[in-house]
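> Return atomic coordinates for the entry below.
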Amino acid sequence: MARFLRPLTRGTTYTRLLHLWLPLLIFSVWMFIDSSKPWVPALVLVPVGLVPVVRMGEGVQARLLLTPGVEEPGISVTPSATWPDRLRTVLWMEVRLVLGLVTSMVSVWLPLLAYELGRMAWGHVADIPVLNRAEPHWAYALLIPLPLVAVYGALVGLGELATAVARRLLGTSAAERLAALEERTEQLLERTRIARELHDSIGHALTVAVVQAGAARTAGDPEFTERALGAIEETGRAALEDLERVLGVLRESERPVSSRPTLADADRLLESARASGAEVDAEVTGRVETVPGPVSREGYRILQEALTNVLRHAGAVPVRVRVTVAGGALALEVRNPLTVPVSGPGRGSGLRGIRERAALLGGRAHTGPHEGDWQVHAELPLQ
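Numbering: from 1, shown residues only. Presented below is the predicted three-dimensional model:
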């Protein structure tokens, strides 16, 4: 019994009833103008439904009144973009008008029937044609709940039917679902990129700080300690700048990425590695400033992660860095002597990130042992 009466306690039941009654306002006004042509409102709805913005208005109404409080109601609130969207909007408006007429008849005639049954049980003759030939009798009082239960069930059912039809006719189109999927994919890619940026930037800074602090402690040289502290300070400041920029991307989704470091800023990476004790032999061939922004930014991160791996796993060892811009491609190579035997391309998240960055730009990257050295080699197309 409680489950049967539950719709009476939900606000959705009454907002849906209001939604069903709204089309009757226009219909009632027209009936006062010319009751001999009740089909005119249905005809007028055809050109109205073809207007693109009408679909958005109908979707907003349906969300507010048919599915209040539902986060994903499955009802679109965008204008019609295609002719199928327009035709579905016209069909929805016609169905809504018919459902409204059915609702009006149910909500008027069934309560009136219950009232007439009560009059007949009281000893009066009914005024409606269905019952005016029946003789009054007290037993009609037993039938009074039937039309009331019927009107209750009909109104709840019509509300459910209107909601289902709205989801069908005003639901997102294939183009809208594709656009939403693309947007979701972009968001996931952005989150992955931000995670990769944080790993590369903060990981590099922490690695440099750990190496410098350990070297300063073992050296016991005040001058070396001073240089190490300066390198830690500079690297930490750069990491804080990167962190602030990434957090800014999270706070401002429309913020441009042009402020991200590029290969033109690679000198600070090389100096940071040198300050950590590595002997960096760097050679740049070609005009790095002509490299497109996305390629240059990803190339910077690849170089950063490669140098971080050297400091983290090999320590203060000679490092050879080659950056070449030629033949429509950017080539990056970082090599260092292997301190311990290693097989395979490496499974760390940083090395995986290098390969993923290259693949996303249509290039390729190789990480692993090569001729007695550990090599990170990436080729990124400039177009």
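
> Could you work out the end-to-end span of stretch 61-69 for me?
Start-to-end span of stretch 61-69 (Cα to Cα, to the nearest Å) is 13 Å.

> Pull out the buried residues from it.
Across stretch 61-69, burial judged by 16 or more other Cβ atoms under 10 Å covers 61-63, 65-67. Where C-beta positions appear, they are placed from N, C-alpha and C, glycine not excepted.

> And stretch 103-111, by the same measure?
So for stretch 103-111, counting by 16+ other Cβ under 10 Å, buried means 103-104, 106-107, 110.

> out of the buried residues of stretch 61-69, which are inside helices?
When DSSP state H defines the helices, the subset of the buried residues of stretch 61-69 inside them is residue 61.

> Quick one: residues contacting residue 285.
Neighbouring residues of residue 285 by Cβ atoms under 8 Å, 6 or more residues apart in numbering: 322-326.

> backbone phi and psi for it, please?
phi -120, psi 130 (degrees, to the nearest 10).

> Ok, residue 67 next?
Torsion angles, degrees, to the nearest 10, at residue 67: phi -130, psi 60.

> Surely it touches residue 60?
No. Look at residue 67 against residue 60 with Cβ atoms under 8 Å: they stay out of range, at 11.3 Å.

> coming back round to it: tell me the one among the buried residues of stretch 61-69 nearest to residue 231.
For the buried residues of stretch 61-69, the residue nearest residue 231 by Cβ to Cβ is residue 63; the value is 57.5 Å.

> Could you check how far the closest one is from residue 15?
Distance from residue 63 to residue 15, counting by Cβ to Cβ, to the nearest Å: 11 Å.

> so what's residue 57 scoring on pLDDT?
Looking at residue 57, its pLDDT is 92.

> Work out for me the element it sits within.
helix 52-61 (DSSP states H and E).

> what's the burial count for the closest residue to residue 262 other than its chain neighbours?
Nearest non-adjacent residue to residue 262, counting by Cβ to Cβ, 6 or more residues apart in numbering: residue 296, 3.9 Å away. Neighbour count of residue 296, defined by other Cβ atoms under 10 Å: 23.

> residues contacting residue 296?
Here residue 296 is in contact with 262-264, 288, 330 (criterion: Cβ under 8 Å, 6+ apart).

> Filter the residues you listed down to just the ones in strands.
Under the assignment DSSP state E, the contacts of residue 296 contribute residue 330 to strands.

> Ranking by neighbours, what's the top pick from the contacts of residue 296?
Neighbour max across these (other Cβ under 10 Å) = residue 330, 26 neighbours.

> so how far is residue 13 from the residue nearest to that residue when sequence neighbours are not counted?
Distance criterion Cβ to Cβ, 6+ apart; nearest residue to residue 330, sequence neighbours excluded, is residue 380 at 4.6 Å. Distance, residue 380 to residue 13, by Cβ to Cβ: 60 Å.

> for residue 331, same thing?
Distance, residue 331 to residue 13, by Cβ to Cβ: 68 Å.

> and residue 308, what element?
Counting by DSSP H and E, residue 308 is found in helix 293-309.

> what do you get for residue 322?
Using DSSP H and E, residue 322 falls in strand 318-326.

> Now that strand: buried residues?
So for strand 318-326, counting by 16+ other Cβ under 10 Å, buried means 319-321, 323-325.

> Buried residues, the one helix or strand residue 43 maps to. List them.
Taking DSSP H and E as the criterion, residue 43 maps to helix 40-49. Buried positions in helix 40-49, judged by neighbour count with 16+ other Cβ under 10 Å: 41, 45, 49.

> cool, and stretch 19-31?
19-20, 23-24, 27, 30.

> What ranges in the stretch 101-250 of the chain fall below the confidence cut-off?
175, 178-190, 193-194, 196-197, 199-201, 204, 242, 244-250 (pLDDT under 70).

> Swap in 80 and give it another go.
Scanning the stretch 101-250 of the chain for pLDDT under 80 picks out 126, 128-133, 173-250.

> Please apply the same query to the stretch 251-383 of the chain.
Using pLDDT under 80, the stretch 251-383 of the chain drops low at 251-260, 275-277, 312-316, 339-351, 353, 383.

> List the contacts of residue 329.
Counting by Cβ under 8 Å, 6+ apart, residue 329 touches 363, 379-382.

> need the strands for the stretch 151-300 of the chain, in chain order.
279-285 (DSSP state E, counting those that start in this stretch).

> Residue 13 versus residue 167, what's the distance?
Separation of residue 167 from residue 13 (Cβ to Cβ) stands at 18 Å.

> List phi and psi for the residue of the chain most remote from its centre.
Distance from the C-alpha centroid of the chain, by Cα atoms, centre = their mean, peaks at residue 135 (66.7 Å). With angles defined as degrees, to the nearest 10, residue 135 sits at phi -80, psi 140.

> again, but for residue 126
Residue torsions, per degrees, to the nearest 10, at residue 126 are phi -70, psi 150.

> What of the one 3 residues further on?
Dihedral angles of residue 129 (phi, psi; degrees, to the nearest 10) stand at phi -60, psi -30.

> if I look at it, how far off is residue 113?
Counting by Cβ to Cβ, the gap from residue 129 to residue 113 is 11 Å.

> So if I had to pick from those two, which one is more boxed in?
Between residue 129 and residue 113, counting by other Cβ under 10 Å, residue 113 is the more crowded of the two (21 against 7).

> For the nearest residue in space to that one that is not next to it in sequence, give me its contacts.
Spatially, and ignoring its direct neighbours in sequence, residue 113 is nearest to residue 147 (4.4 Å; Cβ to Cβ, 6+ apart). Contact partners of residue 147, counting by Cβ under 8 Å, 6+ apart, are 110-111, 113-114, 117.

> Go again with 7 Å.
Residue 147 is in contact with 110, 113-114, counting by Cβ atoms under 7 Å, 6 or more residues apart in numbering.
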